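K.L.:
Got a sequence here, can you build the structure:
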Amino acid sequence: MNEEFLAALAAIEQEKGIKKEILFEAIEAALVSAYKRNFNTAANVRVHLDRETGNIKVYTRLTVVEEVLQPQLEISLAEAREIDPAYQPNDVIEREVTPKNFGRIAAQTAKQVVIQRIREAERELVFDEYIDREEDIITGIVQRSEQKNIIVDLGKAEALLLATEQMPGDDYRQGERIKAYITEVRKTTKGPQIFLSRTHPGLLKRLFELEVPEIYDGTVEIKSVAREAGYRSKLAVWSKNKDVDPVGACVGPKGARVQAIVNELRGEKIDIVKWDEDPQVFVANALSPSKVVSVELHPEQKLASVIVPDYQLSLAIGKEGQNARLAAKLTGWKIDITSESRAAEKLASSQATKSEVRAQEVAETPADDVMEAGRRDEDNEKA
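P.N.:
Reported below is the predicted structural model:
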């Protein structure tokens, strides 16, 4: 080793953030392996790299024993006491065994170790940067497609957008800039592996945080999100400030804010509804754009029975039940939707059934009991 190499280590410490002591220890460990490999020895050795001069020395470590069975690893007690009478069994003696041509091997090994450590440090820095961005939105450039999966360039790293995390109808072109949601960052031997999603509800939430200042500063809060990526989503919002309309803030002037998000999501429809602490009101709001006549809650079943005008029934249910399904996800309540006419029929049928049951009960009551009941009714009227 020379002064130039030590200066290079100092520069690496400053630029890459890798402490010199870590590099020294790694080089020493690598030199032990290099010595054993190049000099075909199984001896217990130690390598010392001088931190000031860069000089390298190799020491063999021999254990003091009564009887030597492994000459490369042991030294007899008698021989050890010739060196120093104070030696006892199990003590360790070090002898310098630095080969004459070890400098060339050391330099080559040190170079390889430093390069490897730099790569590991850079991977660690990239991992640390992106692990903090899990569950956040990021912009990247489409690089290529591999078996329907998309490789996205994030600048310092590449990320993977799996086919299952792509929106229906998405068609990515090389060089196109896209926004995606970081779902997971894994540490691997080849560096951090970053997984993206365009279908995660978190993407919708983060896009609104970017577009709506009132959400970013905390005035408006997103309470829940329900999403069927590529088709339709529902967003429940609430305002801490009574003077701020949460729905209006998210829609923006002439719908500009929500339209920017719709464009980013390739035309996905977005319903923005007002959150309410009263579940009945919240369920009614969640079925927007449909109008709701009444909501009856059954907490033990977590069920909401909803009545809507006849002409609004198909709108409340939505195409293939989509509106009702998203409303249920948004509110956390199972939703049973009935039209007004159907609800009236059920009510009339229920009342008729009750009358029939009452009439049947009267018919089956003995005559004496009927007369006695009649007398009691008369006495009650006189009283």
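K.L.:
Leaving out chain neighbours, which residue sits closest to Ile118?
P.N.:
Lys16 (5.9 Å; C-beta to C-beta, 6 or more residues apart in numbering). C-beta coordinates here come from the backbone N, C-alpha and C atoms, glycine included.
K.L.:
Which helix in the chain has the most residues?
P.N.:
Criterion DSSP state H: the longest helix present in the chain is helix 102-131.
K.L.:
Tally up the residues packed near the closest residue to Asp310 other than its chain neighbours, please.
P.N.:
Sequence neighbours aside, Ser339 is the residue nearest to Asp310 in space, at 4.6 Å (criterion: C-beta to C-beta, 6+ apart). Per other C-beta atoms under 10 Å, the neighbour tally for Ser339 reads 18.
K.L.:
ditto for Ala159
P.N.:
Neighbour tally, Ala159, other C-beta under 10 Å: 21.
K.L.:
Can you pull the phi and psi angles for it?
P.N.:
In terms of degrees, to the nearest 10, the main-chain angles of Ala159 are phi -120, psi 160.
K.L.:
Now the element after the strand or helix carrying Lys223, going C-ward?
P.N.:
Under the criterion of DSSP states H and E, Lys223 resides in strand 220-228. The first helix or strand that comes after strand 220-228 along the chain, using DSSP H and E, is strand 232-239.
K.L.:
who's in contact with that following strand?
P.N.:
201, 204-205, 208, 214-215, 219-227, 245-247, 249-250, 268-276, 282, 285-286, 318, 322-323, 326-327, 329-331 (C-beta atoms under 8 Å, 6 or more residues apart in numbering).
K.L.:
strands paired with that strand, and their directions?
P.N.:
Strand 232-239 sits in its sheet next to strand 220-228 (antiparallel), strand 269-274 (parallel), going by DSSP bridges.
K.L.:
Take those and lay them out in TSV including mean neighbour count, distance to Arg173 and mean pLDDT.
P.N.:
Below are the strands paired with strand 232-239 laid out as TSV (neighbours: other C-beta atoms under 10 Å; distance: least, C-beta to C-beta, whole Å; pLDDT from 0 to 100):
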stretch	mean neighbour count	distance to Arg173	mean pLDDT
strand 220-228	19	25	96
strand 269-274	19	24	95
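K.L.:
mind giving me a markdown table with the ones you listed and columns for distance to Val113?
P.N.:
Listed next are these as a markdown table, based on distance: least, C-beta to C-beta, whole Å:
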| stretch | distance to Val113 |
| --- | --- |
| strand 220-228 | 49 |
| strand 269-274 | 54 |
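K.L.:
Just the buried positions in the longest helix of the chain, please.
P.N.:
Residues 102, 105-106, 109-110, 113-114, 117, 121, 123, 126-127, 130 are the ones in helix 102-131 that count as buried (16 or more other C-beta atoms under 10 Å).
K.L.:
pretty sure the residue nearest to Ile118 is touching Glu120, no?
P.N.:
No: shown here, Lys16 and Glu120 do not form a contact pair, counting by C-beta atoms under 8 Å, at 10.2 Å.
K.L.:
just for the stretch 251-383 of the chain, where's the confidence low?
P.N.:
Low-confidence regions of the stretch 251-383 of the chain, defined by pLDDT under 70, span residues 350-383.
K.L.:
where along it do the strands fall?
P.N.:
269-274, 294-298, 303-308, 334-339 (DSSP state E, counting those that start in this stretch).
K.L.:
Distance from the second one to the middle of the chain?
P.N.:
Relative to its parent chain, strand 294-298 has a centroid offset of 35 Å by C-alpha atoms, centre = their mean, to the nearest Å.
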